[in-house]
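S.K.: predicted model and sequence below, questions to follow.
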Amino acid sequence: MPIHHYKPTSAGRRISSVQSFADVTKKDPEKSLIRIRKEYAGRVNGGQITVRHRGGGEKQFIRIVDGKRDKLDIPAVIAAIEYDPNRGARLALLYYKDGEKRYILAPHDIRVGEEVICSQKKGEIKIGNRFPLECLPVGSSVHDVEIEPGKGAQMVRGAGSSAQLMAIEGGYATLKLPSGEIRMFSRNCMATIGQVSNLDYALIRWGKAGRTRHRGFRPTVRGKVMNPVDHPHGGGEGRNSIGLKNPKTPTGKPALGVKTRRHKASDKLIVQRRPNGRFVGKGA
């Protein structure tokens, strides 16, 4: 997906860019596979804000994406490639032989008219097909990976991302994730062959605050310009430093580099942590 730049007719247009929709083949979504997006603004049931800086945004429909692909051994044809306002990746509309329609994440380079299949047995190694990890050759690029067999895809779903199958030993398959982390999964976990579509999504420059507000992100205020009652960094005269030994979150907990993952049962499945504890981007 190429990125387009417009003529610099304004300050916002000068530094902004937009994604191309040349790969989208169908404008309107499938009516049977959408629902209204409810606005939560980063809040939970009791009204407490658990994710800050969320709210507003354009009214959107949620596309119901099939993460399990539990229609086994039934071929499906790619009927259309569609835009999804709720994610960076494109969606592929599948028409199954029995007449059912479903959305899946569109793999990179998939074409309308191609046939894909999901199976628990070995099959053709082709982009868009979905098999257990044990049925794939070592070195394959995969996405839409299950964490637990039968639970549905939960990992490697972002635009342009893919994981590499490094080894299959005993009851586990080893994957190198987009973050650089090397982790073991059950060899029975399902994964889709290929890379997630819309590789250039991360290169978009939003350009102005308005485009960010349309996406549902509210402004972020630095803690050091707040009052002490609102943030541990607040107070002071003018542009003084935060005055604390270490940076803190608004609730007073340590920030920046402090481990937040503690005593999880899945720790034993992590072979190697991601480099420096940071995300390293696509192809890592």
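M.R.: Perfect, I can see it now. Numbers count the residues shown, from 1 in each chain.

S.K.: can you list the weak-confidence ranges in this structure?
M.R.: 1, 276-284 (pLDDT under 70).

S.K.: switch the cut-off to 50
M.R.: 279-284 (pLDDT under 50).

S.K.: go ahead and flag the most central residue of it.
M.R.: The centre of the chain sits closest to residue 158, judged by Cα atoms, centre = their mean, with a distance of 2.9 Å.

S.K.: thought that residue was touching residue 105?
M.R.: No: Residue 158 is beyond contact range of residue 105, at 9.6 Å (criterion: Cβ atoms under 8 Å). Where you see a C-beta, it was placed from the backbone N, CA and C, and this is true even at glycine.

S.K.: helix/strand/coil for residue 92?
M.R.: Taken by DSSP: H, G, I helix; E, B strand; the rest coil, the conformation at residue 92 corresponds to strand.

S.K.: switch to numbering from 37
M.R.: Fine by me, first position is 37 from now on; the one you just mentioned is residue 128.

S.K.: nearest residue to it other than its sequence neighbours?
M.R.: Leaving aside its sequence neighbours, residue 128 sits nearest to residue 142 (Cβ to Cβ, 6 or more residues apart in numbering; 3.9 Å).

S.K.: so what's the one you found up against?
M.R.: By Cβ atoms under 8 Å, 6 or more residues apart in numbering, the contact list for residue 142 reads 117, 125-128, 232-233.

S.K.: farthest-apart pair in these, please.
M.R.: Using Cβ to Cβ, those span at most 12.8 Å, a distance reached by 117 and 232.

S.K.: ok, these two, which is more surrounded?
M.R.: residue 232 (26 against 19; other Cβ atoms under 10 Å).

S.K.: the more buried one: what's it in contact with?
M.R.: 125, 141-144, 179-180, 192-198.

S.K.: which one of those residues is nearest to residue 228?
M.R.: residue 180 (4.2 Å).

S.K.: right, and the closest one touches residue 167 too?
M.R.: No: using Cβ under 8 Å, residue 180 is not in contact with residue 167; the gap is 11.5 Å.

S.K.: what is in contact with these two at once?
M.R.: Joint contacts of residue 180 and residue 167 (Cβ under 8 Å, 6+ apart) are 226-227.
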